[in-house]
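Colleague: here is the input, now give the coordinates:
(chains A and B)
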Amino acid sequence: MKRTKYLSIIAGLCLLLAPQTARAAEAEKGIDVAGIVFGHIEDSYEWHITDVGDVSVHIPLPVIVKSSTGWHVFSSDRLKDGAEYEGLYIAQEGSHAKKIVERNAAGEEVRPLDISITKNVLALFINSALLVAIMLGCARWYKRHEVNESAPKGGVGMMEATVMYIYEDVVKSCVGAQYRRYAPYLLTAFFFILLNNLMGLVPFFPGGANITGNIAITVVLALFTFVLTNVTGSKEYWKDIFWPNVPTWLKAPVPLMPLIEFIGVFTKPFTLAMRLFANLMAGHAGILSIVCIIFITAQLGAGICSSMSFIAVIFGIFLNALEVLVAFIQAYVFTLLSAIFIGIAHPQAETTTENK
Amino acid sequence: MGLLTPDSGLLFWMVVCFGVVFFILAKYAFPVIINAVDKRKKYIDSSLEAARQANEQLQQAKTEVENLLAEARRQQSAILKEAAATRDQIVADARGRAREEAQKALDETRHQIAAEKESAVNDIRRQVAVLSVDVAEKILRRELSKDQEQLDFINRMIAEVESEREIK
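Modeller: Numbering: from 1, shown residues only, chains lettered A, B, ... in the order given. Below you'll find the predicted structure:
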């Protein structure tokens, strides 16, 4: 009863605010929803926070580029509004849209080696530092307390419960006998993804960057799993790929099953990367689209705008709650599947016979 | 599409970030937490075992104490019984001895009384004999004269004897 009352109060406040903010947007005549959504989802050279009137509030970030003329390090403010600096500018369209490019001798736009600290990179730094701080903080608690004194309470207790949940339920049960060796990687992956997912849901600085919904991030994570799986894979694992335990005609003249198995080696990490990327990207896009409804309907009159704003706020709350769940589920699924892949790469005597 | 092409710069920084985070956490964070939890688990297990043993010992001690108590109670009642018997014995002895003593004293007194009585009787006898002899002598002396005189004499004699006795 009480909760619904609070919810309706919040929604009512939003309704009061919505027409005013929407009126400002109205002036722009038509709203580029795709531009807004992708602007938030994609990486950028500056961290845009908000616009106050006509003044853009943003954090300029350092651009680090090695072009044909050598290394360049400067603030991204110099490239604002398509300005050119030291032969570099941000392409507005084409295959390198929104990226720093230079013109080569033939006059074509080419990408220089670009390791700029972009919005995602900065968010990555912040979240990594946060994760390290949280985890080392927990570890310090254990160094300060005797084991037989007491169990941790509060935040450390929560982290311990989560760590042990992943350790016992995912790592121990999926990896097999050598689970101790792989536990640090899997736990790091889980908490790294989880924290980046959750920070992405915070709508203001230092959150809000769509890190785990960026293909580069998920590809690196999947590559770590791929390397770990295949480099440490046992002999039986490779034997199962190239000479699987199937009827001979499936593998002798035409290596059908070996081919499928071999492709599977690459599709496994590929699905890991794609699943995480697609889920988080879609979540961000979904929330942003729902919020955009308020601004689209602003042009259709106050009545429609108010009612649609109410629906959008309620739906936005629902989607945000859902995304919190997804943040955990995707981190869990990534860790679980990585653990299973590593477990497959280390088959044990009884599991190999069971699988066939 | 831009969304699906991994950006090289972000790839580079992600490898660096994740590598550093992984290195730090794998070295300083997760092993510490997992080891601490493992240790605590072992400690709890051993504590439970110790508690179970302590409980067993307590149970044993309890039965021992109960046995001891029962034994003590038995001994107590035995001692009490013995003490009562001894007391009765002593009282009975004392009573018997007292009776004997009293009897003895009584007997002695009786003997004494008897002896006293005998001596008294003997004394009386002797005096009666002396008196009779005296009376007889006087009577005999007066008989020789007259009858009247004899009688008077006898009376006088008796009075004399009597007065003599009174003087005595």
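Colleague: quick one: is the top helix by length along chain B near chain A?
Modeller: When chain B is parsed with DSSP state H, its longest helix is helix B:30-143. Yes - if you take Cβ under 8 Å from any Cβ of the partner chain as the test, helix B:30-143 does meet chain A, through B:F30, B:P31, B:V32, B:I33, B:I34, B:A36, B:V37, B:K39, B:R40, B:Y43, B:S47. Just so you know, the C-beta spots here come from the backbone N, C-alpha and C atoms, and that holds for glycine as well.
Colleague: other SSEs contacting that helix?
Modeller: Helices and strands touching helix B:30-143, by 3 or more Cβ pairs under 8 Å, 6 or more residues apart in numbering or on different chains; DSSP states H and E, are helix A:119-144, helix A:154-165, helix A:179-201, helix B:147-167.
Colleague: hmm, who's touching the helix or strand that the shortest one is followed by?
Modeller: Counting by DSSP states H and E, the next helix or strand C-terminal to helix A:154-165 is helix A:173-175. When contacts are defined by Cβ atoms under 8 Å, 6 or more residues apart in numbering or on different chains, helix A:173-175 is touched by residues A:Y182, A:A183, A:L186, A:L336, A:A339, A:I340, A:I342, A:G343, A:H346.
Colleague: report the two of those residues separated the most.
Modeller: Using Cβ to Cβ, the pair of the contacts of helix A:173-175 lying farthest apart is A:L336 and A:H346, separated by 16.1 Å.
Colleague: can you give me the helices for chain A?
Modeller: A:2-26, A:33-41, A:119-144, A:154-165, A:173-175, A:179-201, A:215-231, A:235-242, A:256-297, A:302-345, A:349-355.
Colleague: which residues of chain B score low on pLDDT?
Modeller: Scanning chain B for pLDDT under 70 picks out the ranges B:1-2, B:142-146, B:150, B:168.
Colleague: I'd like the helices and strands packed on helix B:30-143 laid out as a markdown table, including distance to A:L272.
Modeller: Below are the helices and strands packed on helix B:30-143 laid out as a markdown table (distance: least, Cβ to Cβ, whole Å):
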| stretch | distance to A:L272 |
| --- | --- |
| helix A:119-144 | 19 |
| helix A:154-165 | 20 |
| helix A:179-201 | 10 |
| helix B:147-167 | 161 |
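Colleague: out of those, deepest packed?
Modeller: Each of the helices and strands packed on helix B:30-143 was scored by mean neighbour count; the highest is helix A:179-201, a mean of 22, by mean count of other Cβ atoms under 10 Å in any protein chain shown.
Colleague: which secondary structure elements does it contact?
Modeller: By 3+ Cβ pairs under 8 Å, 6+ apart, helix A:179-201 packs against helix A:119-144, helix A:173-175, helix A:215-231, helix A:256-297, helix A:302-345, helix B:8-24, helix B:30-143.
Colleague: just the mean pLDDT for it, thanks.
Modeller: Helix A:179-201 shows a mean pLDDT of 93.
Colleague: report the angle between it and helix B:8-24.
Modeller: Here the directions of helix A:179-201 and helix B:8-24 differ by 130 degrees (axes from the mean of the first three to the mean of the last three Cα atoms, to 10 degrees).
Colleague: distance between helix A:179-201 and the chain's centre?
Modeller: Mean C-alpha position of helix A:179-201 versus that of the full chain (Cα atoms, centre = their mean, to the nearest Å) differs by 12 Å.
Colleague: re earlier: can I get the residues of helix B:30-143 next to chain A in TSV including distance to A:S56 and neighbour count?
Modeller: Below are the residues of helix B:30-143 next to chain A laid out as TSV (distance: Cβ to Cβ, whole Å; neighbours: other Cβ atoms under 10 Å in any protein chain shown):
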residue	distance to A:S56	neighbour count
B:F30	42	23
B:P31	46	15
B:V32	45	19
B:I33	43	23
B:I34	47	21
B:A36	48	21
B:V37	49	20
B:K39	54	14
B:R40	53	19
B:Y43	58	14
B:S47	62	11
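Colleague: list just the one of the helices and strands packed on helix B:30-143 that sits closest to A:A209.
Modeller: For the helices and strands packed on helix B:30-143, proximity to A:A209 was assessed by Cβ to Cβ; helix A:119-144 is nearest, at 3.3 Å.
Colleague: export the helices and strands packed on helix A:179-201 to a markdown table and tack on distance to A:E93?
Modeller: Formatted as a markdown table, the helices and strands packed on helix A:179-201 follow (distance: least, Cβ to Cβ, whole Å):
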| stretch | distance to A:E93 |
| --- | --- |
| helix A:119-144 | 21 |
| helix A:173-175 | 46 |
| helix A:215-231 | 21 |
| helix A:256-297 | 21 |
| helix A:302-345 | 31 |
| helix B:8-24 | 20 |
| helix B:30-143 | 46 |
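Colleague: B:L151 is nearest to which of those helices?
Modeller: Closest approach to B:L151 among these (Cβ to Cβ): helix B:30-143, 8.0 Å.
Colleague: correct me, but A:L201 touches A:V326?
Modeller: No - between A:L201 and A:V326 there is no contact under Cβ atoms under 8 Å: 9.4 Å.
Colleague: quick one: contacts for whatever residue of the stretch 201-350 of chain A ends up closest to chain B?
Modeller: Residue nearest to chain B within the stretch 201-350 of chain A: A:A216 (3.7 Å; Cβ to the nearest Cβ). Each residue near A:A216 by Cβ under 8 Å, 6+ apart is listed here: A:N120, B:P6, B:D7, B:L10, B:L11, B:M14.
Colleague: distance of the fourth one from B:F18?
Modeller: This points to B:L10. The gap separating B:L10 from B:F18 is 12 Å, by Cβ to Cβ, to the nearest Å.
Colleague: what's the answer for A:L300, then?
Modeller: Separation of A:L300 from B:F18 (Cβ to Cβ): 46 Å.
Colleague: still on that earlier bit, who has more neighbours, B:L10 and B:F18?
Modeller: It is B:L10, of B:L10 and B:F18, that has more neighbours when counted by other Cβ atoms under 10 Å in any protein chain shown, with 26 against 20.
Colleague: give the contact list for the more buried one.
Modeller: So B:L10 contacts A:D43, A:T118, A:N120, A:V121, A:N214, A:A216, A:I217 (Cβ under 8 Å, 6+ apart).
Colleague: in TSV: these, plus pLDDT.
Modeller: Formatted as TSV, those follow (pLDDT from 0 to 100):
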residue	pLDDT
A:D43	85
A:T118	90
A:N120	91
A:V121	93
A:N214	90
A:A216	92
A:I217	93
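Colleague: now for those residues, which pair is the farthest apart?
Modeller: Pairwise distances across the contacts of B:L10 (Cβ to Cβ) peak at 12.0 Å, for the pair A:T118 and A:I217.
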